[in-house]
Structures are given as C-alpha cells and as structure tokens.
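1. Here is my input; please provide its structure:
(one chain, ligands or ions: 1)
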Amino acid sequence: MLDLYGTKLPSRLLLGTAQYPSPAILADAVKASRASVVTVSLRREMAGGRSGEKFWSLIQSLRLRILPNTAGCHSVKEAVTTAQMARDVFGTNWIKLEVIGNHDTLQPDVFGLVEAARVLCEDDFAVFPYTTDDLVVAERLLAVGCKVLMPWCAPIGSALGPVNATALRSMRGHFPDIPLIVDAGLGRPSHAALVMELGFDAVLLNTAVAKAADPVGMARAFGNAVDAGREAYRSGLLEPRDVAVPSTPTIGRAVFQ
Ligand SMILES: CC(=O)[C@@H](O)[C@H](O)COP(=O)(O)O
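-> Sure, this is the predicted structure:
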C-alpha cells in the first residue's frame, strides 16, 4: 500500500479535479480511475460562490482523501496564506505546495518552494511539494521537513510525458525510501506505466483525463496503467541489452529428411 505521511492508501493514482466537462463526468472519472486521493484548488472553491459549494459537496460525496493545492500561487506569502486557509476550509493539514516561477512553463520557483515548505512544515503541515527533478532541491525540501516529493515530468498540461527519464531514474536511485510521486505533464497511460516501472510510488495527473474525449474511459485506462507499471516494477524488469539472446532453447539439431 502507498504510505503518505502515515496514511495508507490502496491506489497509487492521485487525480486532479479541474477542467472536466461536467461535475457528473468528474465524479464518474474519479470512480473509474480508482484514485484514493483527489486534489482540490482553494482558489476555485473561493471563487466559485454557490457553484463552489456544489463542487465541494460533490467532492465530499466521493469519500476520498482530499489534497488541497496552492495552484496559481507565485510567491511564498501567497502560497503559505493559501495553505493556511485551505487547512481551515478542507479540514486537513495535507497541502500540495505549488509556488509557480515561470508563466510559460509553470515550472516551480524552487527557491520560494523550499522557503514556503519550511514555513509550512514548522506549522505542522504535511507538505507535498510540486518540484523539479533536481536532486539538490529535493535534498533541501527533505531537510526542511517534507516527507514526500512530487517532481514534474513535464510542464503542467503539456501531456509531453517524461521528458527526462534519466533524471527521474536518478531521483529514484538517490531517494530509495522517500515516497516519490510524479506530478504534472503526463499525457498517456503509457507515460504513467513508464514512471511506475521506474519505481515511482504514485502519479498525480489531471489534464490528460479531464480533457480526453472520454474522460471516464481515460481515467480507467490510467488506473490500469498505474497498476500495470507498479506490478512490472515489483516483478523485476529485464535490463535491455545490445545483443540477441535466443528465447527458445537451441540444444541439439533439428533433423530434416
Ligand atoms: C492538478 C494538479 O494538482 C496539478 O499539479 C496539475 O494540474 C497536474 O498536471 P497535469 O494537468 O499536467 O496532469
């Protein structure tokens, strides 16, 4: 089972709740994915008025673990304040911490991220930092109290999939005991399977499901891909090699008449 801050979760898929064609499709997609955690944006809640209330009731009806996020925050102050409000609104100390540093790539401001994580960890938050695949930044996040890391594999919403699988592999190797969740940039179920085969503990995604022609079918496909990738990792994948190795025994000689 996936263990995040002492909470055991049956699924290794975390799903975002934005951009779905309708609330009903969102609910069906979440169920089809078998996700056990959904992310929710405080900004959306606050901006939504009555529709925000309905959305929140829907999310609650799913009876899943909620991971509020600080999506859209560009400074330490903004992210910390949003996290503190989210704790009150959603009744959880879990926070997916985003401090965005660049408008074009939506990549994290890793300096602000470490500082915001420090403040929030001191305030007893369970911080899930949305970060890059940089090992030094990862060390800093762990040093200030994060117990989970969430590296991107490509820019949010890009659907590019793992653009630097080598860096992800290296991250897994450096932090064998830290839960690592790939967050952002996954476009296809095969991308999710690939990062799970690398030994990542879970994936978090949104756009690839919400914007699919059939979000419910795509959610199911991602759920299956995550399971397949995890089982493949646990079953011991073969290392690729450059030379052929016969897969059929060739002892003896065939007799031709
Ligand atoms: C939903 C969420 O919390 C984000 O970090 C992000 O939106 C996920 O990325 P994709 O939308 O690229 O899957």
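
2. contacting residues around residue 163?
-> 153-154, 185 (CB atoms under 8 Å, 6 or more residues apart in numbering). Where you see a C-beta, it was placed from the backbone N, CA and C, and this is true even at glycine.

3. So which bits of stretch 28-36 are buried?
-> Within stretch 28-36, the residues that count as buried by 16 or more other CB atoms under 10 Å are 28-30, 32-36.

4. Same check on stretch 81-91?
-> Buried residues in stretch 81-91, counted by 16+ other CB under 10 Å: 82-87, 90.

5. and whatever residue of the chain ends up closest to the ligand, what are its bridge partners?
-> The chain approaches the ligand most closely through residue 16 (2.7 Å), counting by CB to the nearest ligand atom. Counting by DSSP bridges, residue 16 is bridged to residue 39.

6. The chain should start at 44 in everything you say after this.
-> Taking 44 as the first residue, the last one we looked at is residue 59.

7. Was I right to think it contacts residue 249?
-> Yes: checked against CB atoms under 8 Å, the pair residue 59 and residue 249 is within contact range at 2.6 Å.

8. Find residues that contact each of those two.
-> Overlap of the contact sets of residue 59 and residue 249 (by CB under 8 Å, 6+ apart) consists of residue 82.

9. Give me the more crowded residue out of those two.
-> Legend: neighbour count by other CB atoms under 10 Å for residue 59 and residue 249, higher for residue 59 (27 against 22).

10. mind listing what the more buried one touches?
-> 81-82, 247-250, 252-253.

11. Residue 229 too?
-> The contact partners of residue 229, taken as CB under 8 Å, 6+ apart, are 196-197, 202, 204, 235, 238, 246, 248, 251, 265.

12. for this protein, what spans make up the helices?
-> For the chain, the helices defined by DSSP state H cover 66-76, 85-90, 92-104, 119-133, 153-165, 178-186, 208-217, 232-240, 250-253, 258-278.

13. If you average pLDDT over each of those, which is lowest?
-> Mean pLDDT is lowest for helix 85-90 out of the helices of the chain, coming in at a mean of 66.

14. List just the nearest of the buried residues of stretch 71-79 to residue 48.
-> In terms of CB to CB, no member of the buried residues of stretch 71-79 lies closer to residue 48 than residue 79, at 13.7 Å.

15. Can you verify my assumption that the closest one contacts residue 109?
-> No: using CB under 8 Å as the test, residue 79 is too far from residue 109 to be in contact (10.9 Å).

16. how about the buried residues of stretch 124-134 in CSV, adding distance to residue 63?
-> Output for those, formatted as CSV (distance: CB to CB, whole Å):
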residue, distance to residue 63
125, 22
126, 24
127, 28
128, 24
129, 21
130, 25
133, 19
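
17. Quick check: of these, which lies closest to residue 215?
-> Nearest to residue 215 out of these is residue 126 (CB to CB; 27.3 Å).
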